[in-house]
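Trainee: what's the 3D shape of this:
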Amino acid sequence: MSLTLDQIKKVGVIGAGTMGAGIAQLSAMAGYTTILYDLDQKVLDKAKTSIEKNLAKGIGKGKVTEEQKDLALKNLQLTTDNDELVCDFIIEAIVEKLDIKQQVFTQLEKINSPNTILASNTSSIPITQIGATLTHPGRFVGMHFFNPAHIMKLVEVISGASTNPIVAETTKKLAEQLGKVAVEAKDSPGFIVNRVARHFYVESLKVLEEGVADVATIDKLIESSGFKMGPFRLMDLIGVDTNFSVTTSMFNSFHQDSKFRPSRIQEQKVDAGHHGRKTGKGFYDYD
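Mentor: Residues are numbered from 1 along each chain as shown. Okay, here's the model as predicted:
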């Protein structure tokens, strides 16, 4: 038996990077006791600073009150001890590698009740694959937020082949409780948004590879047509490494379909450590 929305009191978030921190902020602001876990204390400290800045910025824009800020920080707990991840609902937001995600969820299953709902924020790996090693795959679901998670309204709720419909429905209701617009998606590489949006990045990188135009020109042209951000500015915001990882995952999931081929230029950026805003350099310099 899976938990219903009113039974969810404690939420765990695994991975305190950009996405994990944003999801934890949302959960804490919604009134849930929220456990944010990461292996690295420095990453947790950075996440807390980021959340505090986001809340302060929200106050400055009149979108967050002082009371909401105080409540969120009161509800938020940071830890490097995975034994503290005994929760009603747990969301994973770590690296896009199947084996690592499976290891994390296998460990979570050992320390939690069979009723605990386990969710992955994966951008592209099929939910059925991740949940295949679980004893209770029926309580496993995809809950895909978009960056920045505390601002972007959309959440994809993805059911794997074994996902219990009640689990998917509870996950959708939780997303709505966090102030999001939730859409249900079938289990397919990249789901809806990343499958459609992949060519926004891939084709832009091909134009760059072929020397048709430079980064700034491509971005300017795209933005002039109505997009808020061009593909290269957006990759820098998301993380060049994260974007490359998602493209690689989808390329492999679609059996090396050439239309999803990762870019050598982007791969070189990743190898050089030029991961975008978070490292101070990506397709643009941020020093």
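
Trainee: ok, now which ones touch residue 8?
Mentor: By C-beta atoms under 8 Å, 6 or more residues apart in numbering, the residues touching residue 8 are 32, 88-89, 117, 170, 174. The way it works is simple: take the backbone N, C-alpha and C, and place the C-beta from them, glycine included.

Trainee: so where is the stretch 1-150 of the chain shaky, pLDDT-wise?
Mentor: The model of the stretch 1-150 of the chain has pLDDT under 70 over residues 1.

Trainee: Which of the contacts of residue 8 fall in strands?
Mentor: 89, 117 (DSSP state E).

Trainee: who does the host helix or strand of residue 69 touch, helix- and strand-wise?
Mentor: Assigned by DSSP states H and E, residue 69 belongs to helix 66-75. Where contact means 3 or more C-beta pairs under 8 Å, 6 or more residues apart in numbering; DSSP states H and E, helix 66-75 is packed against helix 18-29, helix 41-60.

Trainee: Quick one: closest of those helices to residue 112.
Mentor: In terms of C-beta to C-beta, the element of the helices and strands packed on helix 66-75 nearest to residue 112 is helix 18-29, at 16.7 Å.

Trainee: Where do the strands of the stretch 151-287 of the chain begin and end?
Mentor: 154-159, 181-186 (DSSP state E, counting those that start in this stretch).

Trainee: out of those strands, which comes closest to residue 78?
Mentor: Closest approach to residue 78 among the strands of the stretch 151-287 of the chain is made by strand 154-159 (23.4 Å; C-beta to C-beta).

Trainee: sec struct for residue 122, please.
Mentor: coil (DSSP: H, G, I helix; E, B strand; the rest coil).

Trainee: can you map out the helices along the chain?
Mentor: Listed in chain order, the helices of the chain (DSSP state H) span 18-29, 41-60, 66-75, 98-111, 127-131, 165-177, 193-209, 215-224, 231-238, 240-253, 264-272.

Trainee: got CSV for the contacts of residue 8, with neighbour count too?
Mentor: Shown next, in CSV, are the contacts of residue 8 (neighbours: other C-beta atoms under 10 Å):
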residue, neighbour count
32, 23
88, 20
89, 25
117, 27
170, 24
174, 26
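
Trainee: returning to what we had before: name the residues that touch the helix holding residue 69?
Mentor: Residues from elsewhere that reach helix 66-75 (C-beta under 8 Å, 6+ apart): 25, 27-29, 31-34, 51-52, 55-56, 58-59.

Trainee: Tell me the most packed of those, by neighbour count.
Mentor: Highest neighbour count within the contacts of helix 66-75, by other C-beta atoms under 10 Å: residue 25, with 29 neighbours.

Trainee: Make sure that residue is actually in contact with residue 52.
Mentor: No. Residue 25 lies out of contact with residue 52 (C-beta atoms under 8 Å); the separation is 9.5 Å.

Trainee: could you dump the helices and strands packed on helix 66-75 to a markdown table with distance to residue 233?
Mentor: Converted to a markdown table, the helices and strands packed on helix 66-75 look like this (distance: least, C-beta to C-beta, whole Å):
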| stretch | distance to residue 233 |
| --- | --- |
| helix 18-29 | 16 |
| helix 41-60 | 19 |
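
Trainee: so which of these comes closest to residue 123?
Mentor: helix 18-29 (9.1 Å).

Trainee: And the closest one, what does it pack against?
Mentor: Here helix 18-29 touches strand 10-14, strand 33-37, helix 41-60, helix 66-75, strand 76-79, strand 140-145, going by 3+ C-beta pairs under 8 Å, 6+ apart.

Trainee: Repeat the analysis, applying 6 Å as the threshold.
Mentor: strand 10-14, strand 33-37, helix 41-60, helix 66-75 (3 or more C-beta pairs under 6 Å, 6 or more residues apart in numbering; DSSP states H and E).

Trainee: for the helices and strands packed on helix 66-75, which one sits closest to residue 282?
Mentor: Proximity to residue 282 (C-beta to C-beta) singles out helix 18-29 among those, at 13.6 Å.

Trainee: between that closest one and helix 240-253, how many degrees?
Mentor: Helix 18-29 and helix 240-253 are oriented at 100 degrees to each other (axes from the mean of the first three to the mean of the last three C-alpha atoms, to 10 degrees).

Trainee: what residues does helix 18-29 touch?
Mentor: For helix 18-29, contacts defined as C-beta atoms under 6 Å, 6 or more residues apart in numbering pick out 11, 13, 34, 36, 47, 50-51, 68, 72, 75-76, 91, 93, 121, 145, 148-150, 178.
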